[in-house]
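[1] show me the folded form of this:
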Amino acid sequence: MQTVKMVVTGPFNSGKTEFIQTVSEIDVVSTERKISAEAEKVKESTTVAMDFGRITVDDQLVLYLFGTPGQKRFDFMWEILSEGMLGFIVMIDSTRPETFREARSILETFRAYAPTPYVVAANKQDMDDAWDVEDMRIALRLENDVPLLSAVARDKESVKTVLIELLTNILNEISG
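    Numbers count the residues shown, from 1 in each chain. Below you'll find the model as predicted:
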């Protein structure tokens with residue numbers, strides 16, 4: 001049995017927890033806590049340590065998904081969660097361009113932790129005010145060879161597409 005550890009990271013409220021909950025075959029282990037009144041305008045809770053989900057692809061392959069906290073004050077967990085990862089996903093809220101710079105910084109941080117394959121998921125593409133994916137590529141200064149995928153974290157097929165893209169890149173790297 002082969003296990004693949006993937007990390008799902010990105011800014012606060014980009015959809016990391018929902019992404020993992022959408023596909024996990026187990027109840028997601030989550031460390032969500034109620035947050036301050038100021039942040040409650042956006043959402044009621046935030047991940048403070050990690051989220052954990054699992055997907056059995058077949059009898060040979062299991063994916064372990066680890067979601068990171070999005071708030072900077074919990075970034076000490078990022079390096080811990082990145083240990084042993086074979087790839088990572090950077091989730092970005094397509095409707096909040098004010099988070100793009102932070103997303104780019106998180107991407108660079110995780111690339112520094114480990115030179116593993118990664119994909120960028122432009123979440124909330126089903127919203128009217130979502131940025132076009134190619135406009136996001138320019139804003140994020142992503143090279144053309146970096147997979148930037150349209151995504152909706154609560155849509156199982158969308159999440160599977162992102163995971164398959166990352167898994168394909170990981171398997172290509174492993175097989176050399």
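
[2] mind listing the helices in this protein by residue range?
    Applying DSSP state H to the chain gives helices spanning 16-23, 37-40, 76-82, 100-113, 133-140, 156-175.

[3] mean neighbour count, mean pLDDT and distance to Gln60 added to those, as JSON lines?
    The C-beta positions use only the backbone N, C-alpha and C, and glycine is treated the same way. Formatted as JSON lines, those follow (neighbours: other C-beta atoms under 10 Å; pLDDT from 0 to 100; distance: least, C-beta to C-beta, whole Å):
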{"stretch": "helix 16-23", "mean neighbour count": "24", "mean pLDDT": "95", "distance to Gln60": "18"}
{"stretch": "helix 37-40", "mean neighbour count": "10", "mean pLDDT": "50", "distance to Gln60": "42"}
{"stretch": "helix 76-82", "mean neighbour count": "16", "mean pLDDT": "89", "distance to Gln60": "25"}
{"stretch": "helix 100-113", "mean neighbour count": "17", "mean pLDDT": "96", "distance to Gln60": "27"}
{"stretch": "helix 133-140", "mean neighbour count": "15", "mean pLDDT": "96", "distance to Gln60": "33"}
{"stretch": "helix 156-175", "mean neighbour count": "16", "mean pLDDT": "95", "distance to Gln60": "12"}
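
[4] out of these, which comes closest to Thr9?
    Nearest of those to Thr9, taken as C-beta to C-beta: helix 100-113 at 5.7 Å.

[5] can I get the closest one as PDB, trimmed to CA atoms?
    Below are the C-alpha coordinates for helix 100-113, written out as PDB (Å, rounded to 0.1, in the frame of the first residue of the first chain):
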ATOM      1  CA  PHE A 100      -3.200  37.200  -3.800                       C
ATOM      2  CA  ARG A 101       0.100  38.700  -2.400                       C
ATOM      3  CA  GLU A 102      -0.300  36.600   0.700                       C
ATOM      4  CA  ALA A 103      -1.000  33.500  -1.400                       C
ATOM      5  CA  ARG A 104       2.100  34.100  -3.400                       C
ATOM      6  CA  SER A 105       4.100  34.400  -0.200                       C
ATOM      7  CA  ILE A 106       2.700  31.100   1.100                       C
ATOM      8  CA  LEU A 107       3.500  29.400  -2.200                       C
ATOM      9  CA  GLU A 108       7.100  30.600  -1.900                       C
ATOM     10  CA  THR A 109       7.300  29.500   1.700                       C
ATOM     11  CA  PHE A 110       6.200  26.000   0.800                       C
ATOM     12  CA  ARG A 111       8.500  25.800  -2.100                       C
ATOM     13  CA  ALA A 112      11.300  26.600   0.200                       C
ATOM     14  CA  TYR A 113      10.300  23.800   2.600                       C
END
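
[6] helices and strands around it, which ones?
    Taking 3 or more C-beta pairs under 8 Å, 6 or more residues apart in numbering; DSSP states H and E as contact, the helices and strands that helix 100-113 lies on are strand 2-9, helix 76-82, strand 87-93, strand 118-123, helix 133-140.
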